[in-house]
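Q: return atomic coordinates for the entry below.
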Amino acid sequence: MQFANVVLAQIGWFAAVLGAACDAPLWGMACVLAVIAWHIAMSARPAPEAALVAWVCLIGFAAETIHVALGNVAYPSGQPFAHLPPYWMVGLWGLFAIQLNVTLRWLRPRLWLAVVLGAVAGPASFVSGVRLGGAHFIHTTPALVELVVSWAVLMPLLVWLSMRFDGVTMNAVDGAVVDAAGPESVHA
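A: Modelled structure (predicted):
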């Protein structure tokens, strides 16, 4: 499931960013929603995974609304209201959420590393989106500073949330997905 999670999340990310860059954000968003739906359907416990996606999307919506309000970033499409972030951007937060309990699970005992990873990888991903035309920096340095700070703060929060809403119960020994009923049901 880890390999499929990484590959599908990347496909969803490229679809959303390139869809926005090509003035077709709905197509990219459809891909993002399909990937999220696949992940939830494949989860051992879909309800907690869906709750995690919802919480991360709400947090992402708030964070992106602040970025839009600060005026250092602009988007070419998918922004129905000028004071709100584009819907595909919020979708990317949901796409990120599906990675928290699978490929980013290793961050759980290392929240300090989540701060560092957030401060580096969050802005790096955004810069990649800018280079592909999904967004534009109006004021590059302030935009990067606000991205570094927001991701450094939010990443450990998101990892913590993933521990509270874990629908992908993993076996600590071999990384295999265990039945939603718990490890006891595997040995029965």
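
Q: is it true that Gly134 touches Ala15?
A: No - contact between Gly134 and Ala15 fails when scored by Cβ atoms under 8 Å: they sit 10.6 Å apart. In this view, the C-beta of every residue, glycine as well, is placed from N, C-alpha and C.

Q: mind checking pLDDT for Gln2?
A: We note a pLDDT of 87 for Gln2 in this prediction.

Q: kindly apply the preceding question to Thr169 instead.
A: Note on Thr169: pLDDT of 76.

Q: same question for the one 5 residues further on.
A: Per-residue confidence for Asp174 comes out at a pLDDT of 39.

Q: hmm, Phe96 and Val35 touching each other?
A: No - applying Cβ under 8 Å as the test, Val35 and Phe96 come out as separate, 11.2 Å apart.

Q: overlap in contacts, these two.
A: Ala9 (Cβ atoms under 8 Å, 6 or more residues apart in numbering).

Q: sketch out the strands for the protein, chain order is fine.
A: 73-74, 136-137 (DSSP state E).

Q: what residues are up against the spatially closest residue to Ala21 that is not a sequence neighbour?
A: With Cβ to Cβ, 6 or more residues apart in numbering as the criterion, Ala21 has its nearest non-adjacent residue at 3.2 Å, and that residue is Gly133. The contact partners of Gly133, by Cβ under 8 Å, 6+ apart, come to Val17, Leu18, Ala20, Ala21, Cys22, Pro76.

Q: kind regards, and thank you for your time.
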